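Engineer: How does the following fold in three dimensions:
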Amino acid sequence: MAIRKIFKNESGGDLTIFNRIIGDGNSYDVPPRFWLDAYDTERLLTQLASGDVVLNDGSSDLSPSDALKHILRWQEAEDTIFDNTTAQLPGSPDNVQDAIEKSKSFRVYPAHFQFIGQMNYDQYLYAGIDSAGGRRSGDFSNGYRYDNSAPVTSLYSGAVVSATASITGIAQTTGSPASSLELKFELWKVGFSGQGTKLGDIIFNIVSANYTIGNYWNSSVLTAFAENQAQDVDVEAGDLLGLKFIRQTGNDKVVAVTNTTIVLEIEGAA
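Structural biologist: Now for the predicted structure:
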């Protein structure tokens, strides 16, 4: 399930959250690329403790202590600061400062995958950005065989927290597209001899009203799909990562894509 960080202003007046002015009673669904800004914002932690700001994870409102754990999103901080189940944020200035200092050790690493040409069957994207010629970068099995490409190496143990897609053509099978289409990729830990282990799904949900969607027989239509969406797939340092397009049929799923670039953000301890 994709992680979300939705901040609601309950202060009775305007507040600045992540450099955006939020009116009383309004919410801000923070894009993943801004999440790290919270690690240097002690004021936000104080606002959560006072109730001026409420954090929602996409399903429910969180208590102040659970909100801090959701912001930091790493186990060491939870164990260090919240081993006492009655602990409340901020608890003491030392707790807040300790959390902020520990969080600075976290980094984000971009992993690039690209394919030039049309993909209309299960197939790996190129790892890296050099994919001239449109040659296949993998076979159709759950393994990974190299053809003028190499996998991305995960630098950190952590998680893929977001994915950005840029695609020139998107198609479903037949008829009119549904209001929302699922574009599915799988992230694999791969090997040099065809072996592989699936780590999780990378899913994009496409609102068809915002884009021109083709069908299987007209998949070269210019879609110009470009979005960043939150993800949540765990990885380990040293994993060789392969990103695989998954062909799906039906008017609510993507069966083919053209000229596809995906950038994953991997967050973990440096």
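Engineer: On the strand side of things, show who the spatially closest residue to Gly200 that is not a sequence neighbour bridges to.
Structural biologist: Using CB to CB, 6 or more residues apart in numbering and skipping residues adjacent in sequence, the residue nearest Gly200 is Val233, 3.5 Å away. No exception for glycine: its C-beta is placed from N, CA and C like everyone else's. Note on Val233: beta-bridge partners by DSSP bridges are Val160.
Engineer: All the helices of this structure, in order from the start?
Structural biologist: 42-50, 64-72, 75-81, 93-103 (DSSP state H).
Engineer: The first one - contacts with which helices or strands?
Structural biologist: Going back to what we said before, that points to helix 42-50. strand 53-56, helix 64-72, helix 93-103 (3 or more CB pairs under 8 Å, 6 or more residues apart in numbering; DSSP states H and E).
Engineer: Pull out the buried residues from that helix.
Structural biologist: 44-49 (16 or more other CB atoms under 10 Å).
Engineer: quick one: which of these is nearest to Asn56?
Structural biologist: The closest of the buried residues of helix 42-50 to Asn56 turns out to be Leu48 (CB to CB; 11.7 Å).
Engineer: quick one on the thing from earlier: the residue nearest to Gly200 against Lys189, yeah?
Structural biologist: No. The pair Val233 / Lys189 is not scored as a contact, 10.7 Å apart, by CB atoms under 8 Å.
Engineer: Distance check, Asp239 against Asp24.
Structural biologist: 45 Å (CB to CB, to the nearest Å).
Engineer: got it, and Lys69?
Structural biologist: Relative to Asp24, and taking CB to CB, Lys69 is found at 26 Å.
Engineer: Comparing these two, which residue is more hemmed in?
Structural biologist: Counted by other CB atoms under 10 Å, Lys69 and Asp24 do not tie: Lys69 has more neighbours, with 18 against 13.
Engineer: Having no further points to raise, I will conclude here.
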